[in-house]
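In: got a predicted model here, sequence first, then my questions.
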Amino acid sequence: MENNFVTEVFLPLALSTIMLGMGLSLTLRDFKRIIIDPKAIFIGLFCQLIVLPIIAFILMFFWNLEPEFAVGIILLSACPGGATSNLYSYLGKCDTALSISLTALSSAITIISLPFIVNFGMEVFMGDEVYVSLSIPRTILQIIIITLIPVSLGMYIRSLKPSFARRADKPVKIVSGLFMGLVVVGAIMADRENIIPFIQATGFPALTLNIITLMASFSIARILGLSFQQSATISMESGMQNGTLAIAIAASSRLLNNPQIAIPAAIYSLIMFATGGLLSYFFSQKNSDQSTVKLPKMYN
């Protein structure tokens with residue numbers, strides 16, 4: 001009963017709160033970047049939605065992980081960027097408007113792409129004897145309810161009461177951070193007797209995926225001619241995934257209903273908090289020497 005409450009009530013509530021907070025920081029003006037500077041948007045989405053899953057699949061082909069853990073890595077790679085990437089991009093003096101736009105766009109696109117990528121990963125790594133198809137219509141509906149609707153509501157509130165949205169931004173970010181931490185800790189504590197083996201099994205693969213993604217996305221962006229700030233933003237956005245969404249999908253009885261698949265997302269989330277913090281500090285030092293970052297109004 002307790003586990004059912006956590007997966008069916010607390011997890012969706014936590015994720016919806018996080019996405020509402022992201023919506024409070026967004027306006028339609030943020031999406032003008034798609035027209036004004038489409039190159040950075042397309043490169044960012046390419047790194048996050050294509051390069052990251054490819055890296056995850058390649059790593060899992062050569063890593064002898066348990067099938068559930070391999071699928072957990074694939075699920076995580078198929079998720080959009082999380083609200084944490086926006087915060088770390090801001091702290092790193094990166095292009096925060098680009099980060100917010102990429103998070104919002106990837107969240108919308110992965111509503112469609114995520115079920116297909118995860119189903120393919122389950123077919124490849126779990127095999128027929130344990131493979132259970134992730135219902136594409138149900139998954140799309142579930143993700144819309146717990147991500148797109150709260151983001152849209154947050155944007156609507158901001159359009160009606162911009163001053164209230166600005167005042168609420170910091171408290172909601174704090175609550176979102178607490179929720180993210182509780183979700184990660186809860187996913188680990190649900191099977192705490194196996195925590196050391198879980199970390200031993202998934203810690204290094206998760207760290208490898210995180211570091212390779214951070215480096216590859218930054219390098220691709222620079223090679224394709226983006227500025228250091230834009231490349232740093234895309235690196236953060238690609239390497240910091242929405243682990244809360246991955247855990248919710250893995251643990252929900254209406255979706256995968258397999259808590260073991262949630263473990264890599266929980267471990268990855270802990271790792272990305274650390275690597276993201278270090279990278280944020282590094283980027284902040286480098287970006288101080290660059291031109292002034294253009295921040296959205298909420299940070300002015």
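Out: All right, it came through fine.

In: shaky segments in this protein?
Out: Applying pLDDT under 70 to the chain flags the ranges 1-11, 30-31, 33-34, 128-136, 173, 176-177, 179-181, 183-194, 253-255, 289-300.

In: give me the number of residues near residue 278?
Out: Per other Cβ atoms under 10 Å, the neighbour tally for residue 278 reads 9. Where C-beta positions appear, they are placed from N, C-alpha and C, glycine not excepted.

In: contacting residues around it?
Out: Contact analysis of residue 278 by Cβ atoms under 8 Å, 6 or more residues apart in numbering lists nothing.

In: from residue 73, how far off is it?
Out: Distance, residue 278 to residue 73, using Cβ to Cβ, to the nearest Å: 22 Å.

In: with residue 29 instead?
Out: In terms of Cβ to Cβ, residue 29 sits 36 Å off from residue 73.

In: ditto for residue 172
Out: 30 Å.

In: also residue 170?
Out: Relative to residue 73, residue 170 is positioned 33 Å away (Cβ to Cβ).

In: more neighbours, those two?
Out: Comparing residue 170 with residue 73 by other Cβ under 10 Å, the one with more neighbours is residue 73, at 30 against 11.

In: surely the more buried one touches residue 207?
Out: No - under the criterion of Cβ atoms under 8 Å, residue 73 makes no contact with residue 207, lying 11.5 Å away.

In: quick one, helices of the stretch 101-250 of the chain?
Out: In the stretch 101-250 of the chain, the helices defined using DSSP state H, counting those that start in this stretch lie at 136-143, 149-160, 162-189, 195-223, 228-239, 243-251.

In: of all those, which lies closest to residue 92?
Out: helix 228-239 (6.3 Å; Cβ to Cβ).

In: list the helices and strands the closest one packs on?
Out: On a contact count with 3 or more Cβ pairs under 8 Å, 6 or more residues apart in numbering; DSSP states H and E, helix 228-239 meets helix 38-46, helix 83-91, helix 96-125, helix 195-223, helix 259-287.

In: buried ones in that helix, by neighbour count?
Out: Using 16 or more other Cβ atoms under 10 Å as the test for burial, helix 228-239 gives 228, 229, 230, 231, 232, 233, 234, 235, 236, 237, 238, 239.

In: how far off helix 259-287 does that helix point, in degrees?
Out: For helix 228-239 against helix 259-287, the angle by axes from the mean of the first three to the mean of the last three Cα atoms, to 10 degrees is 170 degrees.

In: only C-alpha atoms, please: export helix 228-239 in CSV.
Out: C-alpha atoms of helix 228-239 as CSV (Å, rounded to 0.1, in the frame of the first residue of the first chain):
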residue,chain,number,x,y,z
PHE,A,228,31.0,28.8,-26.0
GLN,A,229,27.9,29.8,-23.9
GLN,A,230,25.5,28.1,-26.3
SER,A,231,27.7,25.0,-26.4
ALA,A,232,28.0,24.9,-22.6
THR,A,233,24.2,25.2,-22.4
ILE,A,234,23.6,22.3,-24.8
SER,A,235,26.1,20.2,-22.8
MET,A,236,24.2,20.8,-19.6
GLU,A,237,20.9,20.2,-21.2
SER,A,238,22.0,16.9,-22.8
GLY,A,239,23.7,15.5,-19.7
